[in-house]
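Chemist: Got a predicted structure plus its sequence, pasted below:
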4 protein chains.
Amino acid sequence: MTLSVGVIGTGMIGRDHIRRLTQVLSGVKIVAATDIDRGRAEAAVPDGAEVFDTPRALIQSDKVQAIVICSWGPAHEEQLLACIAAGKPVFCEKPMVTSEAAALRVIEAEIASGRRLVQVGFMRRFDADYRRLKAVINGGTLGAPLMYHSVHRNASVPAGLYTSEMPLNDTLVHDADISRWLLSDEITGVEVRLPRRSRQNEELRDPHLVLLHMGSGAIVDVEISVNIAYGYDIRGEVSCELGVAALPNRPATVISDAHGIRQAIPEDWRERFIEAYDQEFREWIAAAAAGTATGPSAWDGYAATLTADAALRAVASGGLERISMIEKPRLYEIPAVLAAEQFGAPFTRAGS
Amino acid sequence: MTLSVGVIGTGMIGRDHIRRLTQVLSGVKIVAATDIDRGRAEAAVPDGAEVFDTPRALIQSDKVQAIVICSWGPAHEEQLLACIAAGKPVFCEKPMVTSEAAALRVIEAEIASGRRLVQVGFMRRFDADYRRLKAVINGGTLGAPLMYHSVHRNASVPAGLYTSEMPLNDTLVHDADISRWLLSDEITGVEVRLPRRSRQNEELRDPHLVLLHMGSGAIVDVEISVNIAYGYDIRGEVSCELGVAALPNRPATVISDAHGIRQAIPEDWRERFIEAYDQEFREWIAAAAAGTATGPSAWDGYAATLTADAALRAVASGGLERISMIEKPRLYEIPAVLAAEQFGAPFTRAGS
Amino acid sequence: MTLSVGVIGTGMIGRDHIRRLTQVLSGVKIVAATDIDRGRAEAAVPDGAEVFDTPRALIQSDKVQAIVICSWGPAHEEQLLACIAAGKPVFCEKPMVTSEAAALRVIEAEIASGRRLVQVGFMRRFDADYRRLKAVINGGTLGAPLMYHSVHRNASVPAGLYTSEMPLNDTLVHDADISRWLLSDEITGVEVRLPRRSRQNEELRDPHLVLLHMGSGAIVDVEISVNIAYGYDIRGEVSCELGVAALPNRPATVISDAHGIRQAIPEDWRERFIEAYDQEFREWIAAAAAGTATGPSAWDGYAATLTADAALRAVASGGLERISMIEKPRLYEIPAVLAAEQFGAPFTRAGS
Amino acid sequence: MTLSVGVIGTGMIGRDHIRRLTQVLSGVKIVAATDIDRGRAEAAVPDGAEVFDTPRALIQSDKVQAIVICSWGPAHEEQLLACIAAGKPVFCEKPMVTSEAAALRVIEAEIASGRRLVQVGFMRRFDADYRRLKAVINGGTLGAPLMYHSVHRNASVPAGLYTSEMPLNDTLVHDADISRWLLSDEITGVEVRLPRRSRQNEELRDPHLVLLHMGSGAIVDVEISVNIAYGYDIRGEVSCELGVAALPNRPATVISDAHGIRQAIPEDWRERFIEAYDQEFREWIAAAAAGTATGPSAWDGYAATLTADAALRAVASGGLERISMIEKPRLYEIPAVLAAEQFGAPFTRAGS
């Protein structure tokens, strides 16, 4: 079976997903697109795909079995609700929505529909390095996780376009989501500290040190630097009761020359997470073809919204900003058996 | 466009390629198969594919645009010649053929056909680590390559099925092919030394130390251990005039526990090269859809045959066994421009 | 010239320093010792050394040119003041003293004496890995340091003897001192967060996450785990404006076996810092032979006392506890030229 | 007790050993020296030491308890025999002697003296990395060693002074000695292959690939490059039946910057082996003070001479040059108990 997909929003990321769904992955075809700039949508789609005037028309078309939302954040709520109303699986780029109330409306609608339909674009969960790290922690041989050190470094961000709120509501959300996922936990409070400023970008508040307090009592400290010049460097280390597990260096030729013994560092997120994006859609296609969704859910989008809001409040207050979530609906519980299948056993070859 | 593929031989590797072409990759569909055990072919193909009685009938069918050969080695020559006669692109698992004379007949037929149609299954060339390594060497910043240390370790090989010739005619050929490719060179002579035997498998001659003498004067030393128990460990280090470039550790969670600070090692070639196999077929599909072939050629299959033959002679003689190839036909020259595009620039971000 | 040394306190650490000064290092001899248990002192010293009844008598003896203090903390102040009064160089194990007021009295006396006489036992500053790290930062090629992540993990601590205050007033002081030294900065405030507790030692508050606010605005986050079972693991990573510099893995055989590719981790501080202790005394001997002291000073002992006090207050308050130091006396400024000589140029071989 | 040492030869290396014995190590003093240039000896020794006119006079002086020989190779035999005749422990820089016959005369004299008196300057055996590697192999958990890959790279060698024989009779001897020591084995044959030449030094034959055939059947392949520009890089990897053990990277700050993630490489042997030289003499002093010698013996000097001779013959012949040693005298057997004490247990913390 081939899944027929419609794309809302054909900007840079929308076009990249069209490329991925057309040229890289199997079992899927692009049958429709829409954009506020109709010409841009027409240029982006493969031959034979229909360009719709509105997201609503695209969502409701019989041709379209599943939807990919790449429009801007404020438009997401309405589009998600329309997809849910139509009973169609939908992949939504982050941010899922831009307010707590909107997140709750999406959750409520999805629960009312009786099954998961929404997957939110947290691609790190599909990265092989993060998956292996989670498998080690879940395996339990290291005991309970107590601390997680998450490092998020960008070589640079676009001057002017990237504001001082964005390290918290655009960048931090990746670390927050992966922390929740790695530790199988929820964030209950956020603190933000502002270290000495980098002179790399005088107009930006950078770097940030963020503390995430988890429900279990574990603490996550996140280092965010968005103008560190040397590369895109994503690191993570989980300290447990009996040991530590960390993301590895990225594979890169080991060169010994006048600069020492060295390995290249990814330039940007495209280079670092290209396989994760592919895998994210591979799994979305499989679930959507079965009429549902797996992967990061509306619940995760809700948590991300709350975390970003709390982080921004914490900058202003200087103190601990607490997060309070509604009780987790049953729809968003992962059955334990399924979780085990998903990550396999961690490093169990070493005897015993 | 979707490439219609027929598969000859539906044993373990044939079925794995059918899975890959059906479930993983895009732009391709399995339309036909054949096997000496017709029932096995019927069980292996997706719905709607036709099972043929003979390879010849499959190759000549109008339904089939391109062929994947996974039969046993002695059958390859006839099947390859039939594909070439039909003007259809063909992917052939190694060994391409089992004698020098057969290799030359394939080459002759392909030259007569006027274009490349044959791709041989040396999957390492599609591995991202090897590609980055080649890009560094080709970049030239380290000067000319003088030595290459290639390490090929298998955790174990099937007792009984794997004979003492196989480290040389089945295992070594991967190191030989990748040496030729990394160094852009040909093998002119082979020596084999037999170190102290491992007691892991008393009936097998293991390990081997092989020296490959290259046309440029560079020397490759290959360490082959096929029962080393701890994992499947593929290493490579190129010593150049001004520095050294090596394959990195495989990405794996960095665990600190009672066993030290450590990373898992792949268990077998499936785990190590799974992405390389996918990429190998991705590029084959693209070329076959254009009516031709890129990647490892009949010329490379010819070189592999000569190397394995020389290595077996070298065990017997204890001396240097020379290899003499025919002059390289123009068909097998890679245009320099294309080669540069294929591998990109090596680690040039570090300024000047 | 051979420096004649008297040792106050011949417990475990005192005896280890006697071994070091007698058997490992040159230019020094043990001529005197004293201990509250006279028999222990007699058993500890080499032939020909005199055992004194009191620290005061030892300090004032004409035989003794320099003193090593290994008594318990509360006795240090009086002994240090006696050494300064006698004009004799003195090495004092940490803690230098146990209160801010005592630290200021030592500083005042030393200033009055006109030259540095006191070296405090912060051995990390003599470790080759930390010295290279400081040289890189001082070299300036990475820009200003903005954050420092310091990890201090003990396999275990003695049950019963090690109290919940000790992670802060005994363990943290090493990270605090090395942070001041690496960043050439002072600590102006301390916060402590208590993550989920480890079940390894139910009676101990463990682990701790400590934030040190530096005068420059840089923030240091310190992870302290004192029962992590797998080894003694000391890590440090400095995030600067243009790059990052970190302590390396300890040298250890790279083993590939059924546990993966791995390196052993030190068991305890003796194994990790044995060369640093030797070097610490090598430099102390050289300075003492010249009638003065270099290395960690009474000023550094004062800073350590203030930091430990603030950290304990921060546990109680849950907030930021500020540190206010007196103006730094000229005696404790390191001339820039001397500092450059001490650490050399960082990694300047790479052209440019 | 303080060992009174006389030094023969006060060139660069002799002066460096005088510095080491005077300023770094304990339990030793320089009491005498001699040199063909008397003024050079006078300038090199500390106050109070006597300068002798001849090596013989120095060796026979009652002041001198032990001798360090740093003269040129052809003078060593006579000086060693005089030390043995005087019953005095002697440290001799490599080469011990310059012919097989001379080596046998030294061995014969030492045996006649009834105890070991000679230590030869193979400093690698005192390097902590090599010692840990040997402990792992001796531990036996990896099974028998089958192959050893030894890499010896110099950044450059002095033009004019370093001839094409020296990679084999000056450089290779270190790899040969450490191979014998690591594998507890003897070399029975040598082959040399000459790869493509480096253009870094047009007048020198460089690099070399050497195969050492060991008595057990194990094969050592040695890569020697003496003009590789980027640094002094010493590598070693032992392939055993059940796993692999290798020398680690040298400790060096891990820098992440525009050149990648990287560590510096030592510039030369002084930087790489400075602690090994110190340890070599520390152990020599301890043994000499007891009137004997441990460490590399006259037997090891004999083996080195035979290996260098065979390697030079192998270049000329292109074939396998066999080595035949006399039966090993009992004097040179290391008691197994002592050997175990010396290297300790390998990485046994990981349970089971």
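Modeler: Everything's here; your move. Small disclaimer: the values here were computed from a predicted structure and weren't measured.

Chemist: quick one: low-confidence parts of chain A?
Modeler: The model of chain A has pLDDT under 70 over residues A:1, A:335-352.

Chemist: Can you give the domain ranges for it?
Modeler: A:3-122+A:275-296+A:326-338, A:125-270 (automatic domain parsing).

Chemist: ok, the closest residue to residue A:130 other than its chain neighbours - contacts?
Modeler: Using CB to CB, 6 or more residues apart in numbering or on different chains and skipping residues adjacent in sequence, the residue nearest residue A:130 is residue A:124, 5.4 Å away. For glycine as for every other residue, the C-beta is placed from the backbone atoms N, C-alpha and C. Residue A:124 is in contact with A:130, A:174, A:177-178, A:273, A:276, counting by CB atoms under 8 Å, 6 or more residues apart in numbering or on different chains.

Chemist: what do you get if the cut-off is 6 Å, keeping everything else the same?
Modeler: Counting by CB atoms under 6 Å, 6 or more residues apart in numbering or on different chains, residue A:124 touches A:130, A:174, A:178.

Chemist: on that earlier part again, how about JSON lines for the domains of chain A, with mean neighbour count added?
Modeler: Shown next, in JSON lines, are the domains of chain A (neighbours: other CB atoms under 10 Å in any protein chain shown):
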{"stretch": "domain A:3-122+A:275-296+A:326-338", "mean neighbour count": "19"}
{"stretch": "domain A:125-270", "mean neighbour count": "21"}
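
Chemist: For residue D:26, which of these is the nearest?
Modeler: domain A:125-270 (35.3 Å; CB to CB).

Chemist: next one: phi and psi at residue A:71?
Modeler: With angles defined as degrees, to the nearest 10, residue A:71 sits at phi -80, psi -180.

Chemist: ok, the residue in the stretch 251-352 of chain A that chain B sits nearest to to chain C distance?
Modeler: Residue of the stretch 251-352 of chain A nearest chain B, by CB to the nearest CB: residue A:257 (3.6 Å). From residue A:257 across to chain C, the span is 9 Å (CB to the nearest CB, to the nearest Å).

Chemist: where along the stretch 201-350 of chain A do the strands fall?
Modeler: Per DSSP state E, counting those that start in this stretch, the stretch 201-350 of chain A carries strands over the ranges A:208-214, A:219-225, A:233-240, A:244-246, A:254-257, A:260-263, A:321-322.

Chemist: Check which helices and strands the fourth one sits against.
Modeler: Of the remaining helices and strands, those touching strand A:244-246 by 3 or more CB pairs under 6 Å, 6 or more residues apart in numbering or on different chains; DSSP states H and E are strand B:254-257.

Chemist: how far does the strand it packs on sit from the chain's center?
Modeler: The chain centre lies 34 Å from the centre of strand B:254-257; the measure is CA atoms, centre = their mean, to the nearest Å.

Chemist: Tell me which other helices or strands that strand touches.
Modeler: So strand B:254-257, by 3+ CB pairs under 6 Å, 6+ apart, packs with strand A:244-246.

Chemist: Relative to the strand it packs on, what are the paired strands and their orientations?
Modeler: strand A:233-240 (antiparallel), strand B:254-257 (antiparallel) (DSSP bridges).

Chemist: What lies in contact with it?
Modeler: A:133, A:136, A:237-238, B:253-256.

Chemist: Would you reformat the domains of chain A as JSON lines and include distance to residue B:268?
Modeler: Listed next are those as JSON lines, based on distance: least, CB to CB, whole Å:
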{"stretch": "domain A:3-122+A:275-296+A:326-338", "distance to residue B:268": "21"}
{"stretch": "domain A:125-270", "distance to residue B:268": "17"}
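
Chemist: Quick check: which of the ones you listed is nearest to residue D:268?
Modeler: domain A:125-270 (14.4 Å).

Chemist: returning to what we had before: so who does the closest residue to the residue of the stretch 251-352 of chain A closest to chain B other than its chain neighbours touch?
Modeler: Leaving aside its sequence neighbours, residue A:257 sits nearest to residue B:243 (CB to CB, 6+ apart; 3.6 Å). Counting by CB under 6 Å, 6+ apart, residue B:243 makes contact with A:256-257, B:142, D:230.

Chemist: Ok, residue A:99 next?
Modeler: So residue A:99 contacts nothing (CB under 6 Å, 6+ apart).

Chemist: Can you name the residues that contact residue A:76?
Modeler: Contacts of residue A:76 (CB under 6 Å, 6+ apart): A:92, A:97.

Chemist: go on, residue A:311?
Modeler: By CB under 6 Å, 6+ apart, residue A:311 lies in contact with A:168, A:172, A:190, A:192.

Chemist: What separation do you get for the residue nearest to residue A:257 and chain C?
Modeler: Distance of residue B:243 to chain C, computed by CB to the nearest CB: 12 Å.

Chemist: Is the single nearest residue of chain A relative to chain D bridged to anything, and to what?
Modeler: Among the residues of chain A, residue A:262 lies closest to chain D, at 3.3 Å counting by CB to the nearest CB. Applying DSSP bridges to residue A:262 gives these bridge partners: residue A:255, residue D:262.

Chemist: about what we covered before: and the contacts of strand A:244-246, which is closest to chain C?
Modeler: residue B:256 (5.6 Å).

Chemist: What residues are bridge-paired with the nearest residue to that closest one once chain neighbours are set aside?
Modeler: Excluding its sequence neighbours, the residue lying closest to residue B:256 (CB to CB, 6+ apart) is residue A:244, at 4.2 Å. Counting by DSSP bridges, residue A:244 is bridged to residue A:239, residue B:256.

Chemist: returning to that earlier point: test my guess that the residue of chain A closest to chain D contacts residue D:257.
Modeler: No - counting by CB atoms under 6 Å, residue A:262 stays clear of residue D:257, with 9.6 Å between them.

Chemist: Next up, the contacts around the one residue sitting closest to the centre of chain A.
Modeler: By CA atoms, centre = their mean, chain A has its centre lying nearest to residue A:122, at 1.4 Å. Listed by CB under 6 Å, 6+ apart, the contact set of residue A:122 reads A:177, A:296.

Chemist: Let me know the distance separating it from residue A:131.
Modeler: Relative to residue A:131, residue A:122 is positioned 13 Å away (CB to CB, to the nearest Å).

Chemist: With residue A:303 instead?
Modeler: Applying CB to CB to residue A:303 and residue A:131 gives a distance of 20 Å.

Chemist: likewise residue A:284?
Modeler: Counting by CB to CB, the gap from residue A:284 to residue A:131 is 16 Å.

Chemist: what does residue A:34 give?
Modeler: 34 Å.

Chemist: what does residue A:101 give?
Modeler: Taken as CB to CB, the span from residue A:101 to residue A:131 is 33 Å.

Chemist: quick one: stretch A:202-219 to chain centroid distance?
Modeler: 17 Å.

Chemist: Any chance you could give me that stretch in PDB, C-alpha atoms only?
Modeler: Extracted in PDB, the C-alpha atoms of stretch A:202-219 (Å, rounded to 0.1, in the frame of the first residue of the first chain):
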ATOM      1  CA  GLU A 202      26.400  41.100  21.000                       C
ATOM      2  CA  GLU A 203      22.700  41.500  20.500                       C
ATOM      3  CA  LEU A 204      21.800  38.000  21.800                       C
ATOM      4  CA  ARG A 205      21.500  36.600  25.300                       C
ATOM      5  CA  ASP A 206      23.800  33.600  25.000                       C
ATOM      6  CA  PRO A 207      24.700  31.200  26.500                       C
ATOM      7  CA  HIS A 208      22.100  29.800  28.800                       C
ATOM      8  CA  LEU A 209      22.300  27.300  31.700                       C
ATOM      9  CA  VAL A 210      18.900  25.700  32.300                       C
ATOM     10  CA  LEU A 211      18.000  23.300  35.100                       C
ATOM     11  CA  LEU A 212      15.000  21.000  34.600                       C
ATOM     12  CA  HIS A 213      13.600  19.400  37.700                       C
ATOM     13  CA  MET A 214      12.000  16.100  36.900                       C
ATOM     14  CA  GLY A 215       9.100  14.300  38.700                       C
ATOM     15  CA  SER A 216      11.400  11.600  40.000                       C
ATOM     16  CA  GLY A 217      13.700  14.200  41.500                       C
ATOM     17  CA  ALA A 218      16.300  13.800  38.800                       C
ATOM     18  CA  ILE A 219      17.800  17.100  37.700                       C
END
